[in-house]
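Novice: No letters, just coordinates:
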């Protein structure tokens, strides 16, 4: 009996194992197929495309008027301080004219004396002529002596007239010098001493003691490399802002493009030559000389350009092309001709129309 039960148990186990193996072999394996990722598409647009060149440099004042001492005298009083704003015609300083006025008075007295002496000389000469005309001289020796005396008086009179003319000219010059003893501002601007802390009160004629800066006129001086120098021309507009502060903006125009490279870059063959460019700035409340500026120069501009993202433009041996979907949605190559490339956008001159969709497979 026990043997029969054992055989039954073995049979049950074998049937269970067989059923398990059968089910395992016949169970369908579910395969999950991943859907293909959609292609990235871009729409061709028609827009304005502009190429800009970024430059950096310093702001500098363009108009500075030097002020010189008119006389070699001491300064009586200063009417201006370093950094003070002055208007044209405003008094800058007054010079000590005591010595000059004394010289003028002495000259006036000498001239007056010379004129009196000249008048007396003229009267004396006239008397000699009258005496000779009366005929009181009986001998030839007397007449000869009278002639020599008369001619000598004439020469003396002529010499005195020349000396008097020189003194009158000297007096005229000294009076003109006196008129310059008060120094006026030749223009409007900010006055700056050559020495910011002048200690001496003595000046010499022609000495540069200060300058007046016109703070309304500034320029932006920058350098452009040889790769970009042919892209810019005089008259081009420039958008300017202060470095680090984009909210402080202004505008300007290129007024000068150097035809010669800067000396340091011209002699160094390891680096590209640099050319100086001057940009005249419009006045602005925040603009002062010495600020570091950045400028955007628009070198090229295309209106109504056909544009695609540069990422979508591919090349095959320098031949540009893009991918577009055909009628059944399969990407195919289309040859294009490109133009201006600015940042992440490329102009298409031929091969695409506005509104067409390009594919990035």
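Specialist: Nice, I can see it. Keep in mind that what you see is a predicted model, and the values were worked out from it rather than measured.

Novice: any weak-confidence spans in this structure?
Specialist: Under the criterion pLDDT under 70, the flagged ranges of the chain are 1-38, 121-154, 156-157, 196-200, 264-269.

Novice: Which stretches in the stretch 251-361 of the chain count as helices?
Specialist: 263-267 (DSSP state H, counting those that start in this stretch).

Novice: can you give me the strands in it?
Specialist: Using DSSP state E, counting those that start in this stretch, the strands assigned to the stretch 251-361 of the chain run over residues 274-281, 292-309, 314-316, 319-325, 331-335, 337-342, 345-350, 357-360.

Novice: Of those, which is nearest residue 170?
Specialist: Checking those against residue 170 by Cβ to Cβ gives strand 274-281 as the closest, at 47.7 Å. Placement of C-beta: from N, CA and C, glycine included.

Novice: Tell me where the stretch 1-150 of the chain has helices.
Specialist: Using DSSP H, counting those that start in this stretch, the helices of the stretch 1-150 of the chain run over 2-26, 98-134, 140-179.

Novice: and the helix or strand that the last one is followed by, what other elements does it pack with?
Specialist: Where DSSP states H and E defines the elements, the next helix or strand beyond helix 140-179 is strand 182-184. Helices and strands touching strand 182-184, as assessed by 3 or more Cβ pairs under 8 Å, 6 or more residues apart in numbering; DSSP states H and E, comprise strand 91-95.

Novice: For the strand it packs on, which strands pair with it and how are they oriented?
Specialist: Sheet pairing for strand 91-95, assigned by DSSP bridges, gives strand 75-78 (antiparallel), strand 182-184 (antiparallel).

Novice: Dump those into a markdown table; add distance to residue 342 as well.
Specialist: Below are those laid out as a markdown table (distance: least, Cβ to Cβ, whole Å):
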| stretch | distance to residue 342 |
| --- | --- |
| strand 75-78 | 57 |
| strand 182-184 | 54 |
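
Novice: Same list, the ones you listed, but as TSV with distance to residue 117 and mean neighbour count please.
Specialist: Listed next are those as TSV, based on distance: least, Cβ to Cβ, whole Å; neighbours: other Cβ atoms under 10 Å:
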stretch	distance to residue 117	mean neighbour count
strand 75-78	37	14
strand 182-184	36	18
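
Novice: and of these, who's closest to residue 222?
Specialist: strand 182-184 (36.9 Å).

Novice: Return the distance of that closest one from the chain's centre.
Specialist: For strand 182-184, the separation from the chain centroid amounts to 31 Å (computed by Cα atoms, centre = their mean, to the nearest Å).

Novice: can you list contacts of it?
Specialist: By Cβ atoms under 8 Å, 6 or more residues apart in numbering, the surrounding residues in contact with strand 182-184 are 67, 69-70, 89-95.

Novice: of those residues, buried ones?
Specialist: When the contacts of strand 182-184 are checked for burial by 16 or more other Cβ atoms under 10 Å, the buried set is 67, 69-70, 92-93, 95.

Novice: Tally up the residues packed near the residue lying closest to residue 278 once chain neighbours are set aside, please.
Specialist: Leaving out its chain neighbours, the residue that sits closest to residue 278 by Cβ to Cβ, 6 or more residues apart in numbering is residue 256, at 3.9 Å. Using other Cβ atoms under 10 Å, residue 256 has 13 neighbouring residues.

Novice: Same question for residue 203.
Specialist: For residue 203, using other Cβ under 10 Å, the count is 21.

Novice: Can you verify my assumption that it contacts residue 72?
Specialist: Yes: proximity of residue 203 to residue 72 meets the contact threshold set by Cβ atoms under 8 Å, at 6.9 Å.
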